[in-house]
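S.K.: got a sequence here, can you model it:
(chains A and B)
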Amino acid sequence: MSIFPKSLESMEQALSASTLRQRVHSANIANVDTANYKSKKVDFQAALDTAMNNQSLSSYKTNDRHLSFSNESSTDKTEILTNSSTKYNNNGNNVDMDVEMAELAKNQLWYNAVTERVNGKLNSLSSVINGGR
Amino acid sequence: MSLFNGFNISASGLTANRMRMDVVSANIANANTNRAELVDGEWMPYRRKTVELSQNGASPFANQLQSVINRGNTSVSGVKVSEIKEDETPFTLSYEPEHPDAGEDGYVRSSNVDPLKEMVDLMSATRSYEANVTALNASKSMFMKALEIGK
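M.R.: Reported below is the predicted structural model:
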């Protein structure tokens, strides 16, 4: 039996997905004046799927005694998509500053919320370990 | 660590925008410079400089390599000043025969700096700088929050 709840693991992945999104939005903001830069975003559905199902890279097995990959890090599966269909600026750049700022704030709040929950879980765990004292 | 990477990306944006501000400052300061460089024994006025930005590591090969390494994912990286270009628009001419820099026809060539353009560039650089500061602060507060885990 593991003493750490399963949800702690998925929250850990949620945090790393959030970190990745933060990085992508930072890059979009930094490149807001770069000619021909196309805005990027993290595929949220893929990030959610990995966080929820805790699935990692699946291996192709021809025999059921084959070993599966279990230590693949989950953020590898999250995809960064490039939006190259729109044109926002004269210089071919399509970063929408308002969207980026809103996403940045949203992501920050989400990160804080997940951190809060991780703390809650750890606190209840320590309460159990101390026998309710 | 990947959150520190976000710090670096925002920092590259700050550096690039400060560079843009420096170039704008130089342009405004030299708006009336008639003797910027000596070409074939003749003084040339100051030419307006512009900054060209590009994505960090944006060479087609580097992009391709990164996307193969990341299994089809596009890479995220900061921004850099790839080149400081000279504006090739013609110099402004004014008829001042008594001016020491006047040519034989009595016209004086002066720099092609347009203060209006410079002010607009300055505003744009300032706003981008502020946006990068906001992104940096967001990353920082996330990091501080992460330090609270397990307290």
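
S.K.: residue ranges of the helices in the chain, please?
M.R.: Using chain A. A:6-30, A:44-53, A:97-129 (DSSP state H).

S.K.: try chain B instead
M.R.: B:2-29, B:60-69, B:115-147.

S.K.: winner for burial among those?
M.R.: Mean neighbour count (mean count of other Cβ atoms under 10 Å in any protein chain shown) peaks for helix B:2-29 among the helices of chain B, with a mean of 19. C-beta: built from backbone N, CA, C; applies to glycine.

S.K.: is chain A contacted by that helix?
M.R.: Yes. Interface with chain A: helix B:2-29 contributes B:Ser2, B:Leu3, B:Asn5, B:Gly6, B:Ile9, B:Ser10, B:Ser12, B:Gly13, B:Ala16, B:Asn17, B:Arg20 (Cβ under 8 Å from any Cβ of the partner chain).

S.K.: I'd like to know how far the spatially closest residue to A:Ser7 that is not a sequence neighbour sits from A:Ala17.
M.R.: Spatial nearest neighbour of A:Ser7, excluding adjacent residues (Cβ to Cβ, 6 or more residues apart in numbering or on different chains): A:Lys121 at 6.8 Å. Per Cβ to Cβ, to the nearest Å, A:Lys121 is found 18 Å from A:Ala17.

S.K.: do the same with B:Gly106
M.R.: According to Cβ to Cβ, B:Gly106 stands 69 Å off from A:Ala17.

S.K.: okay, the two: which has more neighbours?
M.R.: Taking other Cβ atoms under 10 Å in any protein chain shown, B:Gly106 and A:Ala17 do not tie; A:Ala17 has more neighbours (26 against 12).

S.K.: residue of chain A nearest chain B, please.
M.R.: A:Ala30 (3.2 Å; Cβ to the nearest Cβ).

S.K.: so where's the chain uncertain?
M.R.: No chain specified, so I'll use chain A. A:1, A:47-59, A:67-78 (pLDDT under 70).

S.K.: hmm, no, I was thinking of chain B.
M.R.: Using pLDDT under 70, chain B drops low at B:1-3, B:57-60, B:62-63, B:66-67, B:69-75.

S.K.: center of chain A - which residue?
M.R.: Centroid-nearest residue in chain A: A:Ala17, 1.2 Å away (criterion: Cα atoms, centre = their mean).

S.K.: and B:Gly103, how far from chain A?
M.R.: B:Gly103 is 36 Å from chain A, where distance means Cβ to the nearest Cβ, to the nearest Å.

S.K.: give me the number of residues near that residue?
M.R.: 12.

S.K.: B:Glu98 versus the residue lying closest to it once chain neighbours are set aside, what's the distance?
M.R.: In space, and not counting its chain neighbours, B:Gly103 is closest to B:Arg109: 7.4 Å by Cβ to Cβ, 6+ apart. Distance, B:Arg109 to B:Glu98, by Cβ to Cβ: 15 Å.

S.K.: if you count what's nearby, which of these two comes out ahead?
M.R.: Legend: neighbour count by other Cβ under 10 Å for B:Arg109 and B:Glu98, higher for B:Arg109 (18 against 7).

S.K.: my guess is that one contacts B:Leu93. True?
M.R.: Yes. If you go by Cβ atoms under 8 Å, B:Arg109 and B:Leu93 touch, sitting 6.0 Å apart.

S.K.: what residues are shared contacts of these two?
M.R.: Overlap between the contact sets of B:Arg109 and B:Leu93, as judged by Cβ atoms under 8 Å, 6 or more residues apart in numbering or on different chains, is nil.

S.K.: so what's B:Ser54 bridging to?
M.R.: B:Lys80 (DSSP bridges).

S.K.: how close does it get to B:Lys151?
M.R.: 42 Å.

S.K.: kindly report the same for A:Tyr111.
M.R.: For A:Tyr111 relative to B:Lys151 (Cβ to Cβ), the value is 16 Å.

S.K.: okay, those two: which has more neighbours?
M.R.: More neighbours surround A:Tyr111 than the other of A:Tyr111 and B:Lys151, with 25 against 7 (other Cβ under 10 Å).

S.K.: can you give me the neighbour number for the nearest residue in space to the more buried one that is not next to it in sequence?
M.R.: For A:Tyr111, ignoring the flanking residues on the chain, the nearest one in space by Cβ to Cβ, 6+ apart is A:Ser18 at 4.5 Å. Neighbourhood size, A:Ser18 [other Cβ under 10 Å]: 23.
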